[in-house]
Structures are given as structure tokens and as C-alpha cells.
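Undergrad: predicted model and sequence below, questions to follow.
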Amino acid sequence: QVQLVESGGGLVQPGGSLRLSCAASGSIDSINVMKWYRQAPGKQRDLVAAITSGGYTDYLDSVKGRFTISRDNAKNTVYLQMNSLKPEDTAVYYCFAGIRRNGEKIYNGYWGQGTQVTVSS
């Protein structure tokens, strides 16, 4: 059994900051890519940021320079530091991880439950 548990969402004023965390637990042998997605009401789920096990990162154009993805491999945890938040960043944020469980040969994708981020004055 593998679980991804997110935390850190909430209500923040425009221009403010939040830090999201997502911790993976369970029978984990290895994690390759870790990602953050977001989904606003009535819209598709978009990839916001991704980080490989080697630390390579990629970002949605609209968050470049404002958001930073990082990971702690020892803790199986990925973070998303969000600065200069805008109302259009309001969404449910989901983490995703490619995980190889103990005793298995392939990686499968796992999702967190989502955490609400609301940017409003």
C-alpha cells in the first residue's frame, strides 16, 4: 500500500505565499518523477511543476519565477513553494509520484487527495 498525503493549502491574499508538501509512505523502493498538478472548477487538470530523482525541474509557463518545486529523497517528500500568488492560481493542487514498490520491477503512478489553494482578498 502506498499513500501520498498533501498539506499546506489554504486561503492567502494576492501577493502572498504558501508552501505545499506531499509525503509518500508505504512499501516504497524507489520514486522517479514527482509532480504537482492543479485543477480549477470547470477546467482541466494542468501540470504545474515536475522534478526528477536527479533534480531536473520543469514548470508551467505561468508559474515560472514564482513557484519552486523541490524534493527530499530521504523523506520521500515533494514541496511546492508558491510566491507572488495570484487569484488565477486558485485551484485544488494534487501531487503525483512515479513509485516502484518493494519487490516490483515497474513504476506506477500514484495521486494525492488534493489540497485547496484559494487566492483572494
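TA: Right, received. Where do you want to start?
Undergrad: how near is Arg38 to Arg100?
TA: Distance check for Arg38 against Arg100: by Cβ to Cβ, to the nearest Å, it reads 26 Å. Bear in mind the C-beta positions are built from the backbone N, C-alpha and C, glycine included.
Undergrad: hmm, I typed the wrong one, I wanted Tyr94.
TA: Distance from Tyr94 to Arg100, by Cβ to Cβ: 20 Å.
Undergrad: next: Val119.
TA: 36 Å.
Undergrad: quick one: which of those two has more around it?
TA: Val119 (19 against 16; other Cβ atoms under 10 Å).
Undergrad: for the more buried one, give me its contacts.
TA: 12-14, 16, 85-90 (Cβ atoms under 8 Å, 6 or more residues apart in numbering).
Undergrad: just Lys105 next, same as before
TA: Counting by Cβ under 8 Å, 6+ apart, Lys105 has no contacts.
Undergrad: how about Val48: what's its closest non-neighbour residue?
TA: Nearest non-adjacent residue to Val48, counting by Cβ to Cβ, 6 or more residues apart in numbering: Trp36, 4.6 Å away.
Undergrad: give me the sheet partners of the helix or strand hosting that neighbour and which way each runs.
TA: Here Trp36 sits within strand 28-39, counting by DSSP states H and E. According to DSSP bridges, strand 28-39 forms sheet pairs with strand 45-51 (antiparallel), strand 91-101 (antiparallel).
Undergrad: any buried residues in the longest one, and which?
TA: Residues of strand 91-101 classed as buried by neighbour count (16 or more other Cβ atoms under 10 Å): 91-101.
Undergrad: again, but for stretch 101-109
TA: Buried positions in stretch 101-109, judged by neighbour count with 16+ other Cβ under 10 Å: 101, 107.
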